[in-house]
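1. Test case, fold it:
(2 chains)
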Amino acid sequence: MRKTFVEVASSVLEENRQSSLFLGDIGVFGFRNALSSYPDRVFNIGILEQSMISMAAGFSSEGVIPTVHTIAPFIVERAYEQIKVDFGYQSLPGNLVSVGASFDYAALGCTHHCPADVNLISNIPGSRIYIPGHPDEFASMYRAEWNNGFLNYFRLSESKNREPFQLQFGAAKKIQDGSDAIVIAVGPILDELLEIAPHLDIEVHYVNSFDSEHEIKIDVRNDSKTVILIEPYYSGQLLQSTVGTFASKGYSIHQIGVPKKFIRKYGSYRQQLEYLKLDSESLKHRITEIINNESN
Amino acid sequence: MRGDILEASAVSQEGHIPSAFSVLEMIYSIYCGNWNIDNKVKFDFVLSKGHASLALYAVLEEAKFIGGEWKVNFANFDSDYGGHPDSNKIPGVCASTGSLGHGLPFALGKAMASRVSKDGKKVYCLIGDGEMNEGTIWESLLLASHHNVHELVVLVDLNHSSDRALALGDVKAKFEAFGYQCVEVDGNDLRQIDEALEMSKSNTLTAILGYTIKGFGLKAMENNPAWHHLSPKSDQVNELKIDLI
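-> Residues are numbered from 1 along each chain as shown, chains lettered A, B, ... in the order given. A predicted model of the protein is given here:
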């Protein structure tokens, strides 16, 4: 996805003089051509995320739409107040593009993990969140939305699904029919579910964008009253974005996400996924258990 | 204007009067001083220490950006004029400040973006010396120096009110270490500020260090921490106004 980000963002910079890019000293080699071609609006700012966000908001206030890029915890958690005040409160548009997701940098430890990012950004009124499951999804999202007048958060990840899906903003897409439960997966966790979904009688939906002010549009077909929400970060946002569809209508809702604990393990993304029981085999057991408990 | 500030604060029982009195001359000079009487210098102003908003509202009225309504509805429920300025509500306010340390990097971004539009605009940003405790101030000076952003002019309200927590030492030497030309002035003296603003028209990184008195203009408030976030009662206002310089 990072390679796609470089390609698409470089193209936007070339085509639109009213666009700008701020790098937190990552992705510099990839953007070397843009850095040399547009020195008045493409910057490797350095390792000072709070000021970088405020500066970017200053650019936005002058109509030069910024995209800010660095590792998720440093852009979202370290500079959260700047995002809240300088972009959110002032209703200024812009784009935040993070890498690292929840624990892509597994070997680097908790300082580089960011499973809280989606819920944090969703608490900033007027923000939109994009969690592409495939580089092609990111490419179409970014191209369409970089100048949409909102504060956009694009969450890039190392993991990706095999197949891209084109979705409307804030709408779910049905991937599989089934009758035992309605299962909704977000972004790059979808493939873990699709590995085992053919062996389960479940209705599968996919979501890769939403905001905190609107319900996710979802067309539920089956009569099951069991809903399972699978998020590759701390659970919460998907429940908030579907509460009107399910919670108020008597559905039994179950959340599967990154558990709220510091992951004091290293190794690989795959190892951490398995450790947190978010891999396909673990999901199969967890979904089956939920369905069995609901039917008893 | 100081009288208006006292009255507005008394009506709402809100506002940081001594901070407003500290910076009033500097803000007035930017908008209404002789240095730009022909309006040749196009500029934006960012009040990074947003709690001095009463001074900003007084000057914005003087400069005809707003009317006099702020004096009767300051900080009221439906007012446009809050304890900290809101850029979405008030003409002439280009940054919603209040959280210290945000205004300077925001102003830096505005100044750098003006290079894209090539509009030749200057951005004047007023920060407090207490605000200089924030790391983003130093980050911004480092960045402004690195990118030679002479379109940004920094004004410092040096009233030493926060020295009790963390003294800044030699502020001029610190700015100079970042490559700034420093112009030291009595920050409550209109003529001196005006001369400094004239110098800021150059294409040199410029910081105007305004040595001020918190609460300047009213002896009872000068350097008196008790008044930091205190408003006079309505029946005190006339008495206080008599003592204004």
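2. Please, where are all the strands along chain B?
-> B:43-47, B:122-128, B:152-158, B:181-186, B:206-211 (DSSP state E).
3. Out of those strands, the one nearest residue B:67 is which?
-> strand B:43-47 (18.9 Å; CB to CB). From N, CA and C alone the C-beta is placed, and that goes for glycine too.
4. What strands flank that closest one, and is each parallel or antiparallel?
-> Paired neighbours of strand B:43-47 in the sheet (DSSP bridges): strand B:122-128 (parallel).
5. what does the strand it pairs with rub up against?
-> B:19, B:23, B:26-27, B:30, B:41-49, B:52, B:100, B:103-104, B:107-108, B:110-111, B:114, B:137, B:151-157, B:159, B:162, B:200-201 (CB atoms under 8 Å, 6 or more residues apart in numbering or on different chains).
6. about what we covered before: need the strands of chain B in CSV with mean pLDDT, mean neighbour count and distance to residue B:72, can you?
-> Output for the strands of chain B, formatted as CSV (pLDDT from 0 to 100; neighbours: other CB atoms under 10 Å in any protein chain shown; distance: least, CB to CB, whole Å):
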stretch, mean pLDDT, mean neighbour count, distance to residue B:72
strand B:43-47, 98, 24, 22
strand B:122-128, 98, 26, 26
strand B:152-158, 98, 27, 27
strand B:181-186, 98, 18, 33
strand B:206-211, 98, 24, 30
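7. will you turn those strands into JSON lines that also has distance to residue A:192?
-> Shown next, in JSON lines, are the strands of chain B (distance: least, CB to CB, whole Å):
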{"stretch": "strand B:43-47", "distance to residue A:192": "48"}
{"stretch": "strand B:122-128", "distance to residue A:192": "49"}
{"stretch": "strand B:152-158", "distance to residue A:192": "49"}
{"stretch": "strand B:181-186", "distance to residue A:192": "59"}
{"stretch": "strand B:206-211", "distance to residue A:192": "55"}
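8. Residue A:277 and chain B, how far apart?
-> Distance of residue A:277 to chain B, computed by CB to the nearest CB, to the nearest Å: 40 Å.
9. Now do the contacts for that residue.
-> A:283, A:285-286.
10. Repeat that for residue A:5.
-> A:27, A:69, A:97, A:138, A:142, A:154, A:156.
11. Equivalent analysis for residue B:224, please.
-> Contacts of residue B:224 by CB under 8 Å, 6+ apart are B:18, B:215.
12. Give me every residue in chain B lying close to chain A.
-> Within chain B, the positions lying close to chain A (CB under 8 Å from any CB of the partner chain) are B:87-88, B:94-96, B:98-99, B:101-102, B:104-117, B:135-136, B:139-140, B:142-143, B:147.
13. If any of the residues you listed are buried, put those into a PyMOL selection.
-> In PyMOL syntax, the buried subset of these is picked out as below (16 or more other CB atoms under 10 Å in any protein chain shown):
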select buried, chain B and resi 87+94+95+96+98+99+101+102+104+105+106+107+108+109+110+111+112+113+114+115+116+136+139+140+143+147
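14. okay, now the closest residue to residue B:88 other than its chain neighbours: neighbour count?
-> Once flanking residues are discounted, residue B:88 sits nearest to residue A:91: 5.8 Å by CB to CB, 6 or more residues apart in numbering or on different chains. Neighbourhood size, residue A:91 [other CB atoms under 10 Å in any protein chain shown]: 15.
15. which ones are touching the residue in chain B that chain A sits nearest to?
-> In chain B, the residue found nearest to chain A is residue B:109; the distance is 2.2 Å by CB to the nearest CB. If you count contacts by CB under 8 Å, 6+ apart, residue B:109 has them with A:54-62.
16. quick one: the helices in the chain?
-> All of this is about chain A. A:2-15, A:32-37, A:49-61, A:72, A:80-82, A:117-122, A:135-145, A:190-196, A:237-240, A:269-275, A:280-295 (DSSP state H).
17. Switch to chain B, please.
-> Using DSSP H, helices in chain B cover B:2-12, B:17-32, B:53-62, B:70-73, B:103-117, B:135-146, B:171-177, B:190-199, B:234-243.
18. How far does the third one sit from its chain's centre?
-> Distance of helix B:53-62 from its chain centroid, counting by CA atoms, centre = their mean, to the nearest Å, is 10 Å.
19. Show me which residues of that helix are buried.
-> Result for helix B:53-62 [16+ other CB under 10 Å]: buried residues B:53-61.
20. Without its sequence neighbours, what residue ends up closest to residue A:266?
-> Nearest to residue A:266 is residue A:107, by CB to CB, 6+ apart, at 4.9 Å.
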